[in-house]
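> got a structure for you, letters missing:
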């Protein structure tokens, strides 16, 4: 019969109990970024969860007077947003231009 009639939670529990050499040897940074059991793809929702976890861990460390770990600082900064806006502005200007290629605005 296998797991055919079992609930999704039961099947996920069985998958999460799988102990293989590959799972045991997953580095800490990959374990930290993973929320689903082995065999399930990580996706869009998990990417945002990783950002939120890193931001809150960084805030917590600062509140406690500690320096956040390098891994916890892995989230977009203000400069990343400003570069994204410069890209969008260049794309809009390019769409209004007769030039085939339009230079990306320099941003420092």
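Cool, the structure landed. Please read all numbers here as calculations on a predicted model, not as lab measurements. Residues are numbered from 1 along each chain as shown.
> drop to CA atoms for contacts and neighbour counts, all remaining ones
OK.
> tell me where this structure has helices.
Under the criterion DSSP state H, the chain carries helices at the ranges 8-16, 21-24, 28-32, 44-63, 78-96.
> any chance of those in CSV, plus distance to residue 71?
Output for the helices of the chain, formatted as CSV (distance: least, Cα to Cα, whole Å):
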stretch, distance to residue 71
helix 8-16, 25
helix 21-24, 20
helix 28-32, 7
helix 44-63, 8
helix 78-96, 17
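> worst average pLDDT in those helices?
In terms of mean pLDDT, the lowest-scoring of the helices of the chain is helix 8-16 (a mean of 49).
> sorry, back to before: looking at the helices of the chain, which is nearest to residue 103?
When those are compared by Cα to Cα, helix 78-96 sits nearest residue 103, at 7.4 Å.
> what residues does the closest one touch?
By Cα atoms under 8 Å, 6 or more residues apart in numbering, the surrounding residues in contact with helix 78-96 are 101-107.
> what's the closest of the helices of the chain to residue 72?
Across those, closest to residue 72 is helix 44-63 (Cα to Cα), at 4.6 Å.
> the closest one: which residues count as buried?
Across helix 44-63, burial judged by 16 or more other Cα atoms under 10 Å covers 50-51, 53-55, 57-59.
> for those, give me CSV that also has distance to residue 79.
What follows is those, written out as CSV (distance: Cα to Cα, whole Å):
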residue, distance to residue 79
50, 19
51, 16
53, 20
54, 17
55, 16
57, 20
58, 17
59, 18
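> per-domain residue ranges of the protein.
8-76, 77-108 (automatic domain parsing).
> who's in contact with the residue lying closest to residue 54 once chain neighbours are set aside?
Distances taken as Cα to Cα, 6 or more residues apart in numbering put residue 72 closest to residue 54, at 4.6 Å, once the chain neighbours are dropped. Shown in contact with residue 72 (Cα under 8 Å, 6+ apart): 53-55, 57-58.
> so which of those is the closest to residue 29?
Among these, and counting by Cα to Cα, the member closest to residue 29 is residue 54, at 11.6 Å.
> verify the contact between the closest one and residue 76 for me.
No. Using Cα atoms under 8 Å as the test, residue 54 is too far from residue 76 to be in contact (10.1 Å).
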